[in-house]
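# coordinates only, sequence not included:
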Ligand code: DC
């Protein structure tokens, strides 16, 4: 049975606000601030793909060698939990948080996240979070694949120039155009705009503006008062 069915009828599965969008669209800052404001736990699904990518690189496994990568993953202990209401991933007991935005991870994460079995393993972990917590989860396919039946879907976009400027302001080197292309054109769960997602162009908006717009929509939908 698809998890979406559970969402509709199983009280054990909690509410999920899905926030998707391309790289550097502002969705992480927005999702993080939103979760804090409405008291939901925050899950950064991109960090999960980044953690697996880092782990593979640490073990000298080429991200292009999907068989070796899957073998590594199936023999690793992946713990997904929360620290201060924010998702945390430990692989074989190691928390790679400080390495997740290294250049080599930026360069390889699209390749790793295009492997269907990697997605299967991590999507199961993402869904498991909702068994115990109300979530704000950000990513590329949260509204389209991970929680397709949540009624709370948002797609945050921004112009390519603004997104590039944001990365530079963060002091990060990231080939966002190349990553966007790879993330949107891959066969397994590409970045797509879910039909029922509410689109927000954040190019000329502050984080507070975007969070405010989302909260207004959630109120209209009766999720919060
Ligand atoms: O959000 P981010 O830039 O940290 O994500 C890193 C990569 O992970 C991104 O290039 C695509 C992949 N990703 C994905 O395929 N599906 C998700 N739900 C989240 C991220």
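Arrived safely. Computed from a prediction, not measured in an experiment: that's the story for all the values here. Residues are numbered from 1 along each chain as shown.
# could you confirm residue 137 falls within a helix?
No. Looking at residue 137 with DSSP: H, G, I helix; E, B strand; the rest coil, it is strand, so not inside a helix.
# could I get the pLDDT score of it?
We have a pLDDT of 98 for residue 137.
# what residues does the chain have near the ligand?
Within reach of the ligand by CB under 6 Å from any ligand atom, the chain has these residues: 23, 45-46, 49-50, 109-110, 113, 139-142, 179, 183. C-beta here means a position set from N, CA and C on the backbone, and glycine is covered the same way.
# can I get these in a markdown table including secondary structure, distance to residue 69 and neighbour count?
Output for those, formatted as a markdown table (DSSP: H, G, I helix; E, B strand; the rest coil; distance: CB to CB, whole Å; neighbours: other CB atoms under 10 Å):
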| residue | secondary structure | distance to residue 69 | neighbour count |
| --- | --- | --- | --- |
| 23 | coil | 22 | 24 |
| 45 | helix | 18 | 26 |
| 46 | helix | 17 | 18 |
| 49 | helix | 12 | 24 |
| 50 | helix | 14 | 24 |
| 109 | helix | 12 | 25 |
| 110 | helix | 14 | 22 |
| 113 | helix | 11 | 27 |
| 139 | strand | 20 | 29 |
| 140 | coil | 19 | 25 |
| 141 | coil | 19 | 23 |
| 142 | helix | 23 | 31 |
| 179 | helix | 18 | 19 |
| 183 | helix | 18 | 21 |
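# in terms of helices and strands, where is the closest residue to residue 101 other than its chain neighbours?
Leaving aside its sequence neighbours, residue 101 sits nearest to residue 172 (CB to CB, 6 or more residues apart in numbering; 5.9 Å). Under DSSP states H and E, no helix or strand contains residue 172.
# where does the chain have low pLDDT?
1-12, 173-174 (pLDDT under 70).
# so where do the helices sit in it?
Here the chain has its helices, by DSSP state H, at 3-9, 27-38, 45-58, 66-74, 103-113, 116-129, 160-169, 176-185, 207-220.
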